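Trainee: Quick one, what's the 3D model for this:
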Amino acid sequence: MNYTYEREVDPILALRVNMPAGIVPDQNIVALTASVDTQKYGFWYEIRAWASGPDRNSWQIRSGYVTTFEAVSKVLFEDEYKDASGSRYLVSLVVMDAMGDKTPEVYDFSLKFRGRVLPFQGKQKLSQPYRFSKQEYYPGTDKLIPGGLQLLLGNTTYYKNLLSSKLDITSGDPGAWHLNSDTSDEWVTQMTAEYQDPDGFWECKGNRANHAWDCSVYNLLAADIIGVRFMGGEKQAESGEKKVNKPENRKPSRW
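Mentor: Numbers count the residues shown, from 1 in each chain. Next up, the predicted model:
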């Protein structure tokens with residue numbers, strides 16, 4: 001097969017920084033986002049911190065694999081993520097893969113955390129980076145979804161191209177895709193699982209796991225939805241809790 005672009009492991013390893021998992025860096029962070037790649041028997045996830053400004057500077061806070069929705073909820077919304085001064089940050093938005101064996105369950109999870117979790121379907125071709133599709137019924141049934149649901153449709157080619165370009169940025173330079181020091185070798189390997197074919201589309205090599213790659217794509221999408229590039233500097237609460245700009249605190253958007 002004629003691969004037009006393949007990524008090696010060593011440059012990904014070089015993106016690790018001297019920062020353990022769970023710690024938010026002192027880098028003018030304005031938001032945390034998270035992504036979940038839903039599989040038949042469990043969930044891969046990643047939480048990232050974003051600095052203000054158009055470069056989309058980001059740092060991996062936590063990544064891994066869990067097997068239940070309860071565990072996903074705990075990681076995203078119950079566990080605490082603080083910087084060195086003790087200020088706590090909350091996950092503003094989660095993009096969660098909704099396609100596969102668990103679509104109804106993902107919809108229910110999104111309803112439980114409405115406004116914080118968006119169910120996602122990837123599209124190789126889309127006329128815009130992302131858009132929303134109103135879902136009124138659970139898939140394949142005539143059962144109504146209470147209040148309806150917005151399904152996020154994302155242009156995976158656009159965001160995979162963006163991710164690929166960010167992985168080429170040297171750690172520490174503006175726009176770099178930083179990984180924490182506890183990032184597993186498996187995660188790094190999964191970041192190299194896809195290649196760009198002669199038509200410019202991204203494909204997986206054989207049956208290699210690509211969950212880390214997908215989680216990274218979803219996080220870029222989440223950052224765009226909440227408008228990280230347009231946020232101002234950090235907001236420090238008197239209580240010591242970091243006030244990040246949540247979607248509901250911004251000017252109303254389409255989603």
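Trainee: Do me a favour and get the end-to-end distance for stretch 27-46?
Mentor: 19 Å (CA to CA, to the nearest Å).
Trainee: ok, and for that stretch, which residues are buried?
Mentor: 27, 29-39, 42-46 (16 or more other CB atoms under 10 Å). All C-beta atoms are positioned from the backbone trio N, CA, C, and that covers glycine.
Trainee: Do me a favour and average the pLDDT over that stretch.
Mentor: When pLDDT is averaged along stretch 27-46, the result is 96.
Trainee: quick one, phi psi at G227?
Mentor: Per-residue torsions, G227: phi 80, psi 40 (degrees, to the nearest 10).
Trainee: what about it, neighbour count?
Mentor: Using other CB atoms under 10 Å, G227 has 15 neighbouring residues.
Trainee: cool, and E8?
Mentor: 8.
Trainee: That one - nearest residue in space that isn't next to it in sequence?
Mentor: T192 (6.5 Å; CB to CB, 6 or more residues apart in numbering).
Trainee: what separates the one you found from I47, distance-wise?
Mentor: Look at T192 and I47: by CB to CB, to the nearest Å, they are 21 Å apart.
Trainee: Of the two, which one has the most company?
Mentor: Higher neighbour count among T192 and I47: I47, with 26 against 20, using other CB under 10 Å.
Trainee: which secondary structure element contains the more buried one?
Mentor: Using DSSP states H and E, the element containing I47 is strand 43-51.
Trainee: Repeat that for E203.
Mentor: strand 202-204.
Trainee: Just the buried positions in that strand, please.
Mentor: Applying 16+ other CB under 10 Å to strand 202-204 flags W202 as buried.
Trainee: what is the rounded mean pLDDT of it?
Mentor: Here the average pLDDT along strand 202-204 is 93.
Trainee: low-scoring stretches of the stretch 151-255 of the chain, by residue?
Mentor: Residue ranges of the stretch 151-255 of the chain with pLDDT under 70: 233-255.
Trainee: Identify the residue nearest the geometric centre of the protein.
Mentor: N219 (2.1 Å; CA atoms, centre = their mean).
Trainee: quick one, longest helix in this protein?
Mentor: Using DSSP state H, we find that the single longest helix of the chain is helix 211-226.
Trainee: Using CSV, list the CA coordinates for that helix.
Mentor: Output of helix 211-226 as CSV, limited to C-alpha atoms (Å, rounded to 0.1, in the frame of the first residue of the first chain):
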residue,chain,number,x,y,z
HIS,A,211,-7.9,5.3,20.5
ALA,A,212,-5.3,7.9,21.6
TRP,A,213,-5.3,9.5,18.2
ASP,A,214,-9.1,9.7,18.2
CYS,A,215,-9.2,11.1,21.7
SER,A,216,-6.7,13.8,20.6
VAL,A,217,-8.9,14.7,17.6
TYR,A,218,-12.0,15.0,19.9
ASN,A,219,-10.2,17.3,22.2
LEU,A,220,-9.3,19.7,19.4
LEU,A,221,-12.9,19.7,18.5
ALA,A,222,-14.0,20.4,22.0
ALA,A,223,-11.5,23.3,22.3
ASP,A,224,-13.0,24.8,19.1
ILE,A,225,-16.6,24.5,20.4
ILE,A,226,-15.9,26.4,23.6
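Trainee: thinking V75 is in contact with V36, fair?
Mentor: No. At 9.2 Å, V75 does not count as touching V36 under the criterion of CB atoms under 8 Å.
Trainee: anything in contact with each of the two?
Mentor: Shared contacts of V75 and V36 (CB atoms under 8 Å, 6 or more residues apart in numbering): Y45.
Trainee: In the stretch 1-150 of the chain, mark out all the strands, start to finish.
Mentor: 29-38, 43-51, 58-66, 81-82, 88-89, 91-97, 117-123, 130-137, 144-155 (DSSP state E, counting those that start in this stretch).
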